[in-house]
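> Kindly generate the corresponding structure for this input.
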Amino acid sequence: MATAAVNAVTELIPSFSGRLLQPDDALFDEARRVHNGLVDKRPGVIARCLGAADVVDALGLATKLGLEVAVRGGGHNVGGRGTIDGGLLIDLSLMKGLHADPKARTARAEGGTLWKEFNRATQLHGLATTGGVISSTGIAGLTLGGGLGWLMSKYGMALDNLLSVDLVLADGKLVRASSDEHPDLFWAVRGGGGNFGVATSLEFRLHPVGPMVMGGLVAHPVSAAKDLLRLYRDLTATASDDLMLFFALLTGPDGVTKLAAIVAGHIGPQDKAEAELRPVKEFGKPAMDVIGPMPYSVLNSMLDASFPRGARNYWKSHFIDRLTDEAIDMLIESFASCPSAMGAVMLEHFHGAVARVPVTHTAYALRKSGFNVVILSQWMEGADDGRCVSWARESYTALQPFIGSNRYLNYIDYDEAADATLAAVYGPNLDRLRKVKGKYDPQNVFRHNVNITPS
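Purely as a prediction, here's the structure:
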């Protein structure tokens, strides 16, 4: 860094509650890393904040030094948008304050909180809110971009359970966005991602969940994939709001055996759960059946080991309205050529509460029943980058004849065409979002994201 920049950082250190890390700091190299090992960026400064005041000062420092800004919560964003080359990284990972109110059935948590931490606190009271399927994901990024999870068919997306958000705006002002305060901003952040400010804390509505629920997976040899996918299609057509069903084509724990699996979570009474899941458990001769009673916190973390920090990830996804026989054949054929034992093809079923919210009620626009298809390329070695990225791209090309008009924001990778992507993510809400962006971030300070340009 130039001498003037070093001096500016040094001047801020005495009043900064967290840590300001520069490239020669011993902690810098670890602090700059995000979940996706394919992303290898080097910020000029990392501001590890301990509160909203630190975030305000970090933004002021970026303005003073003329540095671009990126924001990291949990660091899981597959496109690597939670970091930056040469700019200032506002790192919220140390901000984990959390308070659950069992009487009001609400919880407020700071922007660096992970879902496993959130669930641990709320499940003490038998409460939860929709929050992802990988527990090491951060609450802020997941929620502001949508927030699918085990509870979404019963209680909507994570953002549908958001009651308020504290945001530091581009000009350093701290505001609360809710239905009563800055309602236009509150509408926009529920789906608009990090385009409008730094979310220093989020307040959620909680619901009675568990602590024991029914969940797990049943896996079959991949030779049964077509019939299992047809069963999955039939089950999702009649699934109750209590039931979430995912499907995966994946490689088994031995790193060799290719499998087809239905992954399930049911939050209703045990007798109802057993009845709804009986067709899954009675189908064929499974290679593995681990569906049974488990704590909700275990359900929300049971896939964690399949997504290790530092693995290299490149994803493509799109929503399909119908799972036709032709689409089933295409997905099985694509998975057959997957070059990595860590890669997978996944389907996430949308139904119930999430599909009953009007499209324009929040900025988030994916409000229909159907299937989000994820071509999930994941591997460990840099030497495999070319073939693993190519597989995802080729599989996504093969998916095109079956796609609908919608996409899920949180799975957009780094190389997506901006205009087409924004139209698919936001649909009729895009023009309104651009106007809100122009009001709260007219200089587009927060642009290292799936960016909404201000109007």
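> what's the burial count for the residue lying closest to Ile291 once chain neighbours are set aside?
Closest residue to Ile291 in three dimensions, ignoring its sequence neighbours and counting by Cβ to Cβ, 6 or more residues apart in numbering: Gly216, at 3.7 Å. Every C-beta, even on glycine, is put in place using the N, C-alpha and C of the backbone. Under the neighbour criterion other Cβ atoms under 10 Å, Gly216 is assigned a count of 23.
> Mind telling me what element Gly216 is part of?
Take DSSP states H and E as the rule and Gly216 turns out to sit in strand 212-221.
> Name the surrounding residues that touch that strand.
Strand 212-221 is contacted by residues 150, 228, 248, 252, 257-267, 270, 273-274, 277, 280-281, 283-296, 298-299, 302 when judged by Cβ atoms under 8 Å, 6 or more residues apart in numbering.
> Skip ahead from it and say which helix or strand is next.
Heading towards the C-terminus - elements assigned by DSSP H and E - strand 212-221 is followed by helix 225-238.
> tell me which residues in that following helix are buried?
Judged by neighbour count using 16 or more other Cβ atoms under 10 Å, the buried positions of helix 225-238 are Ala225, Leu228, Leu229, Leu231, Tyr232, Arg233, Leu235, Thr236.
> Please apply the same query to stretch 278-293.
Val280, Phe283, Pro286, Ala287, Ile291.
> ok, now stretch 158-170?
Using 16+ other Cβ under 10 Å, the residues of stretch 158-170 that count as buried are Ala158, Leu159, Asp160, Asn161, Leu162, Ser164, Val165, Asp166, Leu167, Val168, Leu169, Ala170.
> Run the angle between the helix or strand harbouring Ile262 and helix 225-238 for me.
Assigned by DSSP H and E, Ile262 belongs to strand 258-266. Following axes from the mean of the first three to the mean of the last three Cα atoms, to 10 degrees, one obtains 20 degrees for the angle between strand 258-266 and helix 225-238.
> Parallel or antiparallel, which strands does strand 258-266 pair with?
As defined by DSSP bridges, the strand partners of strand 258-266 come to strand 212-221 (antiparallel), strand 243-251 (antiparallel).
> Distance from the chain centre to that strand, please.
Relative to the chain's own centre, strand 258-266 is displaced by 20 Å; criterion: Cα atoms, centre = their mean, to the nearest Å.
> The next helix or strand after it - contacts with which helices or strands?
Under the assignment DSSP H and E, the closest C-terminal helix or strand after strand 258-266 is helix 270-282. Contacts defined by 3 or more Cβ pairs under 8 Å, 6 or more residues apart in numbering; DSSP states H and E place helix 270-282 against strand 212-221, helix 225-238, strand 243-251, strand 258-266.
> Try it again at 7 Å.
Packing contacts for helix 270-282, counted by 3 or more Cβ pairs under 7 Å, 6 or more residues apart in numbering; DSSP states H and E, involve strand 212-221, strand 258-266.
> Reformat the ones you listed as CSV; add distance to Asn372.
Formatted as CSV, those follow (distance: least, Cβ to Cβ, whole Å):
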stretch, distance to Asn372
strand 212-221, 18
strand 258-266, 14
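> Show me the one of the ones you listed that comes nearest Gln443.
Taking Cβ to Cβ as the criterion, Gln443 comes closest to strand 258-266 out of the helices and strands packed on helix 270-282, the separation being 42.9 Å.
> thought Thr421 was touching Tyr414?
No: contact between Thr421 and Tyr414 fails when scored by Cβ atoms under 7 Å: they sit 11.2 Å apart.
> now the strands for the stretch 301-450 of the chain?
If you assign secondary structure with DSSP state E, counting those that start in this stretch, the strands in the stretch 301-450 of the chain sit at 312-320, 344-350, 370-379.
> Surely Ile90 and Val71 touch.
Yes: in this structure, Ile90 is within contact of Val71 by Cβ under 7 Å, at 4.8 Å.
> check contacts around Gly255.
Gly255 makes contact with Ala341, according to Cβ atoms under 7 Å, 6 or more residues apart in numbering.
> thinking again about what came up before, tell me what angle the strand holding Gly216 forms with helix 270-282.
Here the directions of strand 212-221 and helix 270-282 differ by 10 degrees (the same axes, to 10 degrees).
> How is the protein divided into domains?
Under the assignment automatic domain parsing, the domains of the chain span 3-91, 98-209+431-440, 212-411.
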